[in-house]
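Asks: next input, structure requested:
(one chain, ligands or ions: 1)
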Amino acid sequence: MKIAVIGTGYVGLVTGTCLAETGNDVICVDVNEAKVLKMQKGEVPIYEPGLDVLFHRNIAQGRLVFTTDLAAGIKDAQIIFMALPTPPGGDGAADLSYILGAAKDISKLVTEYKVIINKSTVPVGTADKVQAVFKANTSVEIDVVSNPEFLREGVAVEDFMKPDRVVIGTSSERAKKLLMELYGPYVRQGNPILFMDERSSELTKYAANSFLATKITFMNEVANLCEIVGADVDAVRKGIGSDARIGKRFLFPGIGYGGSCFPKDVQALAKAADEHNYDFQILTAVMKVNEKQKIVLVDKLLKYYKNDLKGKHFALWGLAFKPETDDIREAPALYIIDELVKHGATVTVFDPEGMANVKALVGDKIQYASNQYEALEGADALLIATEWSVFRNPDFERMEQSLTNKVIFDGRNLYDLEKMIELGYYYNSVGRKL
Ligand code: UGA
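Replies: Numbering: from 1, shown residues only. Model prediction:
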């Protein structure tokens, strides 16, 4: 099939590349000339495991091309994916200007039937708004479809190639047929393609992310309570997770959810409910708890150092909001850095992929180490904010030589409690005994 993908951010690029991998001809369109030039030269603009292999293979085979020219990009496309940003507006509601703007531009160019797909996370009713834009500008028949993405950063290629499910919101039989064909190769194992109306599909995306954010937040509160009552959250997690109705996944407590999706989507769903005079109370609580959880390590430090962090020096392992990505959007590490600096402490950081992004944002407010051990030199304590595999089994002897004190505040529960006691560390993790 011939496909256009508008927007080559994280979602657009993964979508375009993975669609080319099953033999489709994909043209990715972006307004950013410098970025398009780089991609044309074969440079992958983001870090996403497994993406580079498919990216290069499909470019080499001529199935994946990049352009800034919207008209050329959509000319022959039967299906046009819109993967454009929907940032929170000033009031927390999703800003649709990129999507509606692109819809307007496309509507002035189309000359034959096309399926327009909203891949971005958009509020309920957006498909209708996009359809209205087309109606206002062209008489050509167009179907606007909602097809939310459920990709996780770090495993996005795998999630796209083997999705748990594909959700498609459309009332058009013609679009349905095309999309069955398009997604067929990705669901060969029998995972469902769920067809529904546009509004249900749009809400499915927000409900899924908000539910997952709620699940994590619930566990974070259980962990906080475990510390107070002397229980072990690992045991509780396993105890509840083996009930199939609860499930083992997404029960790991930590220092709050971050990233470009959960915080934005929980806020947007609460806001959307509010606009319809519905008070989605659980989401308000989730947001409030998560704000606190992001700086729970700093609260623990304040307690440990009796409210005085002035002149203290900390090593921070992990900057990305989660492992296997260089994405630092809404990363708890940024909030921790902010608080530590505010309290007069100094910080040296290390992250396998997120250093450049943090440097660009935070600058010389903090120091940057070239490896995880260098970050420890002269530090009063080590803080851990991201569960990168490389932090899971470190050389504790080497660490001891650099750290001023054997003190670790771990926001991701990486180490075995007994081992840490054996090694003589003061080891403070989340929801577990000291
Ligand atoms: C999330 C969803 O998982 C995807 O299905 C969705 O497509 C995506 O948002 C999106 O809307 O684009 P992502 O933001 O990449 O994906 O990251 P997750 O792996 O879901 O993690 C989100 C946050 O939850 C991270 O901060 C992570 O550290 C935290 N988390 C996750 C926990 O604290 N505990 C857990 O057990 C799991």
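
Asks: just say helix, strand or coil for the residue of the stretch 51-200 of the chain found nearest the ligand.
Replies: Residue nearest to the ligand within the stretch 51-200 of the chain: residue 153 (3.5 Å; Cβ to the nearest ligand atom). Yep, even glycine has a C-beta here, placed from its N, CA and C like the rest. Secondary structure assignment for residue 153 (DSSP: H, G, I helix; E, B strand; the rest coil): coil.

Asks: now residue 307: phi and psi?
Replies: Dihedral pair for residue 307: phi 60, psi 20, per degrees, to the nearest 10.

Asks: what is the burial count for it?
Replies: By the criterion of other Cβ atoms under 10 Å, residue 307 has 10 neighbours.

Asks: what's the distance between it and residue 295?
Replies: 14 Å (Cβ to Cβ, to the nearest Å).

Asks: and the residue lying closest to the residue of the stretch 51-200 of the chain closest to the ligand once chain neighbours are set aside, how many neighbours does it have?
Replies: Nearest residue to residue 153, sequence neighbours excluded (Cβ to Cβ, 6 or more residues apart in numbering): residue 325, at 4.5 Å. Using other Cβ under 10 Å, the number of residues around residue 325 comes to 26.

Asks: give me the buried stretch members for the lengthiest helix in the chain, please.
Replies: As assigned by DSSP state H, the longest helix anywhere in the chain is helix 198-229. Within helix 198-229, the residues that qualify as buried are 198-199, 201-206, 208-210, 212-224, 226-227, counting by 16 or more other Cβ atoms under 10 Å.

Asks: name the residues of the stretch 151-300 of the chain found near the ligand, please.
Replies: Counting by Cβ under 6 Å from any ligand atom, the residues of the stretch 151-300 of the chain close to the ligand are 151-153, 209, 212, 216, 250-252, 254, 257-259, 261-262.

Asks: correction: the previous question concerned the stretch 1-150 of the chain.
Replies: Within reach of the ligand by Cβ under 6 Å from any ligand atom, the stretch 1-150 of the chain has these residues: 121, 149, 150.

Asks: so what's the first one up against?
Replies: Counting by Cβ atoms under 8 Å, 6 or more residues apart in numbering, residue 121 touches 86, 94, 148, 149, 205, 206, 209, 261, 264, 265, 268.

Asks: and for the last one?
Replies: Neighbour list for residue 150: 159, 163, 164, 165, 167, 205, 208 [criterion: Cβ under 8 Å, 6+ apart].

Asks: can you tell me which of those residues are buried?
Replies: Buried among the contacts of residue 150 (16+ other Cβ under 10 Å): 159, 163, 167, 205, 208.

Asks: next, count neighbours for the nearest residue to the first one once chain neighbours are set aside.
Replies: Pointing back at residue 159 there. What sits nearest to residue 159 in space, not counting adjacent residues and going by Cβ to Cβ, 6+ apart, is residue 151, at 4.6 Å. Residues contacting residue 151 under the criterion other Cβ under 10 Å number 20.

Asks: shouldn't residue 151 be in contact with residue 14?
Replies: Yes - counting by Cβ atoms under 8 Å, residue 151 touches residue 14, with 6.0 Å between them.

Asks: okay, and the common contacts of these two?
Replies: residue 160.

Asks: next, the contact list for the residue nearest to residue 369 when sequence neighbours are not counted, please.
Replies: In this structure, residue 369 finds its nearest non-sequential neighbour in residue 375, 3.6 Å apart by Cβ to Cβ, 6+ apart. By Cβ under 8 Å, 6+ apart, the residues touching residue 375 are 315, 316, 317, 348, 349, 350, 369.

Asks: does residue 141 touch residue 116 like I think?
Replies: No - using Cβ under 8 Å, residue 141 is not in contact with residue 116; the gap is 11.3 Å.

Asks: quick one, which of the two is more surrounded?
Replies: residue 116 (27 against 12).

Asks: helix, strand or coil for that one?
Replies: Classification of residue 116 by three-state DSSP places it in strand.

Asks: for residue 180, same thing?
Replies: Strictly by three-state DSSP, residue 180 counts as helix.

Asks: which residue sits closest to it, ignoring its sequence neighbours?
Replies: That would be residue 193: by Cβ to Cβ, 6+ apart, it lies 6.4 Å from residue 180.

Asks: look up how far residue 184 lies from that neighbour.
Replies: 8 Å.

Asks: and the two? which has more neighbours close in?
Replies: Between residue 193 and residue 184, counted using other Cβ under 10 Å, residue 193 has the larger neighbour count: 18 against 12.

Asks: domain ranges for this structure?
Replies: 2-196, 205-292, 294-428 (automatic domain parsing).

Asks: and of those, who's closest to residue 434?
Replies: With Cβ to Cβ, the closest approach to residue 434 among the domains of the chain belongs to domain 294-428: 6.0 Å.

Asks: just give me how far the closest one sits from the chain centre.
Replies: Domain 294-428 sits 21 Å away from the centroid of its parent chain (Cα atoms, centre = their mean, to the nearest Å).

Asks: do the same with stretch 173-183
Replies: Distance, centroid of stretch 173-183 to centroid of chain: 28 Å (Cα atoms, centre = their mean).

Asks: what are the contacting residues of it?
Replies: Contacts for stretch 173-183 (Cβ under 8 Å, 6+ apart): 1, 3, 19, 24, 78-79, 113, 115, 143, 145, 147, 166, 168, 170, 193, 195.

Asks: again, only this time at 10 Å
Replies: Stretch 173-183 is contacted by residues 1, 3, 19, 22, 24, 78-79, 113-117, 141-145, 147, 163, 166, 168-170, 172, 187, 191, 193, 195 when judged by Cβ atoms under 10 Å, 6 or more residues apart in numbering.

Asks: so where do the helices sit in the stretch 51-200 of the chain?
Replies: Per DSSP state H, counting those that start in this stretch, the stretch 51-200 of the chain carries helices over the ranges 51-60, 70-74, 97-107, 126-137, 156-161, 173-183, 198-229.

Asks: in a markdown table, list those along with mean pLDDT and distance to residue 335.
Replies: Formatted as a markdown table, those follow (pLDDT from 0 to 100; distance: least, Cβ to Cβ, whole Å):
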| stretch | mean pLDDT | distance to residue 335 |
| --- | --- | --- |
| helix 51-60 | 97 | 28 |
| helix 70-74 | 97 | 38 |
| helix 97-107 | 97 | 27 |
| helix 126-137 | 97 | 31 |
| helix 156-161 | 97 | 25 |
| helix 173-183 | 97 | 38 |
| helix 198-229 | 98 | 14 |
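
Asks: that older thread, wait, which of the contacts of residue 375 is closest to the ligand?
Replies: Taking Cβ to the nearest ligand atom as the measure, the ligand lies nearest residue 317 of the contacts of residue 375, at 14.4 Å.
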